[in-house]
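S.K.: heads up, no residue letters with this:
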């Protein structure tokens, strides 16, 4: 699948939710995302990609210029993993929707996301439901939203 995505010129959406892609499959997928020029939406929920997988995907997001929607529901991502992804969101110019529903993101991860939101002017939708960001995380996100002009 990853090899096909490297050369495919038409696919815009792929849903790989609950496919147990694993570490090796995830690594190959991120290499494909780096070079694919048509994919706009990728759904990776329920794959337990974890922080390591989030880091690899963050590397791909820094390079890819077409992905607009990323879905990481139930992906075992914690503060560390969201921190890696938010570094990519600071420089990304295409992602408009990011779903992090039901992960292990706390106030620290919300703070990292808030830092990205202060500079990212592309992101329009973000879902952090069913995470434990708490009142401190909500406060840091609220401060970032005062600066952000797109959310």
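M.R.: The structure has been received and is ready for your questions. Treat the numbers as computed from the prediction; the structure is a model and nothing was measured.
S.K.: only C-alpha atoms for contact and neighbour calcs from this point on.
M.R.: Noted.
S.K.: Now tell me what touches the least confident helix or strand in the chain by mean pLDDT from outside.
M.R.: Taking mean pLDDT, DSSP states H and E as the measure, the helix or strand of the chain with the lowest value is helix 22-35, at a mean of 88. Contacts made with helix 22-35 from outside it, assessed by C-alpha atoms under 8 Å, 6 or more residues apart in numbering, are listed as 1-3, 5-6, 39, 47, 49, 53, 56-57, 59-61, 63-64.
S.K.: mind redoing it with 7 Å?
M.R.: Counting by C-alpha atoms under 7 Å, 6 or more residues apart in numbering, the neighbours of helix 22-35 from elsewhere in the structure are 2-3, 5-6, 53, 56-57, 60, 63-64.
S.K.: ChimeraX command for the buried members of these?
M.R.: What follows is the ChimeraX syntax for the buried subset of these, where burial is set by 16 or more other C-alpha atoms under 10 Å:
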select :2,5,6,53,56,57,60,64
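S.K.: Same list (the contacts of helix 22-35) but as TSV, adding secondary structure.
M.R.: Converted to TSV, these look like this (DSSP: H, G, I helix; E, B strand; the rest coil):
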residue	secondary structure
2	helix
3	helix
5	helix
6	helix
53	helix
56	helix
57	helix
60	helix
63	helix
64	coil
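S.K.: which among the contacts of helix 22-35 gets closest to residue 19?
M.R.: Out of the contacts of helix 22-35, the one with the shortest distance to residue 19 is residue 2. That distance is 13.7 Å, counting by C-alpha to C-alpha.
S.K.: any idea which helix or strand carries residue 90?
M.R.: Element membership of residue 90 [criterion: DSSP states H and E] is helix 79-91.
S.K.: What is that helix packed up against?
M.R.: helix 50-63, helix 107-119 (3 or more C-alpha pairs under 7 Å, 6 or more residues apart in numbering; DSSP states H and E).
S.K.: got TSV for those helices, with distance to residue 97 and mean pLDDT too?
M.R.: Conversion of these to TSV gives the following (distance: least, C-alpha to C-alpha, whole Å; pLDDT from 0 to 100):
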stretch	distance to residue 97	mean pLDDT
helix 50-63	13	93
helix 107-119	12	97
